[in-house]
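[1] Can you look at this prediction? I've put the sequence above it.
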Amino acid sequence: MPLAEKWEILSLRCIRTIGVLIWMVFFIRLATLLLKRIAGLSNKYSFIQHRTVTLFDNLAKVIIFGAATYAVFVIWDINMTAWLASAGVAGIAIGFAAKDTLSNLFAGVFILADAPYKVGDYIVLDKGDRGKVTNIGLRSTRILTRDDVEITVPNSIIGNTTITNQSGGPHEKLRVRLKVGVAYGSDIDKVRTILMQIADKDRQVCKFPPPRVRFRLFGTSSLDFELLFWVNHPEERGRVLDALNTKVYQKFTEESIEIPYSKQDIYIKGLPEALSKINTR
């Protein structure tokens with residue numbers, strides 16, 4: 001059936017709009033598949049890795065959606081000048097109203113791109129909070145502490161503070177310092193030998209790098225030593241320290257090596273006059 005010119009134009013525009021939507025869905029899915037494939041070849045394409053796939057995927061979706069929107073406007077012969085002007089004014093207003101949210105958003109993008117840490121790493125914040133990264137979002141980062149308490153930190157705060165990544169570096173191992181003091185007059189060679197034997201026999205202590213003992217300081221009332229050793233994962237630090245502290249104390253007690261503690265001696269030069277009279281009676 002022949003259609004009127006108005007309905008013919010309307011039908012063609014609807015068909016073209018549907019075609020644009022189909023191609024938009026196709027390109028979005030294609031971009032996701034290509035990014036995942038490229039991330040699997042991270043040895044060749046280092047700029048796209050598994051941790052940054054989400055970032056590039058969202059960016060590709062925004063670009064494709066914007067191109068599809070522009071095509072739909074062209075199909076329906078809509079003047080975009082007024083829309084762009086309105087969008088510019090709205091963007092400025094939204095930017096002022098949601099500056100904290102946008103700050104977190106941009107910080108999250110830089111964190112995903114720069115990757116100072118990843119999910120599963122143990123990090124320490126400036127305030128001393130320490131835990132395992134469970135999620136890195138565009139707005140915030142979630143950390144699970146050793147007390148099984150989840151901390152949500154805005155990305156803008158993380159982006160402006162110093163982060164210690166205990167899982168970073170050439171390997172995930174963490175060096176632990178066990179400090180112990182012995183009394184003056186102790187056999188320091190014997191102390192070194194005992195500390196090394198305890199570290200070498202413990203299965204939780206890494207054999208490489210090897211443990212070592214350092215004589216650090218002539219303290220006020222003790223000779224201060226440090227046993228330096230490595231553990232395989234940062235979360236093992238507390239458990240291994242507990243085991244080694246127990247063994248050091250037991251061994252020092254067995255070998256009659258004194259661990260000094262703070263003492264205060266009180267000297268009485270004289271008694272008050274009233275007490276002196278009582279004592280003389």
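    Happy to help now that I have it. Note that the coordinates shown come from a computational prediction; the quantities given were computed from them, not determined experimentally.

[2] where do the helices sit along this protein?
    Using DSSP state H, the helices of the chain run over 5-40, 53-75, 80-97, 99-114, 155-159, 188-201, 237-254, 273-280.

[3] of these, which approaches residue 180 most closely?
    With respect to residue 180, and counting by Cβ to Cβ, the nearest of the helices of the chain is helix 237-254 at 5.9 Å. C-beta: built from backbone N, CA, C; applies to glycine.

[4] Low-confidence regions, the chain specifically.
    In the predicted model of the chain, residues 1, 3, 42-52, 84, 94-98, 102, 271-281 satisfy pLDDT under 70.

[5] the domain parsing of it - what is it?
    Following automatic domain parsing, one gets these domains for the chain: 5-110, 115-165, 174-254.

[6] To residue 269, which of the ones you listed lies closest?
    Closest to residue 269 of the domains of the chain, according to Cβ to Cβ: domain 174-254, at 24.1 Å.

[7] what's the span of that closest one from first residue to last?
    This stretch, domain 174-254, spans 30 Å end to end (Cα to Cα, to the nearest Å).

[8] before we move on, what about stretch 228-240?
    Using Cα to Cα, first and last residues of stretch 228-240 are 12 Å apart.

[9] Go through it and flag the buried ones.
    228, 229, 230, 231, 234, 235, 237, 240 (16 or more other Cβ atoms under 10 Å).

[10] just curious, which of those is nearest to residue 115?
    residue 234 (17.9 Å).

[11] what separates the closest one from residue 174, distance-wise?
    Relative to residue 174, residue 234 is positioned 4 Å away (Cβ to Cβ, to the nearest Å).

[12] Are there residues contacting both of those two? Which ones?
    Counting by Cβ atoms under 8 Å, 6 or more residues apart in numbering, the residues touching both residue 234 and residue 174 are 122, 166, 167.

[13] To residue 261, which of the helices of the chain lies closest?
    With Cβ to Cβ as the yardstick, what comes closest out of those is helix 237-254 (12.4 Å).
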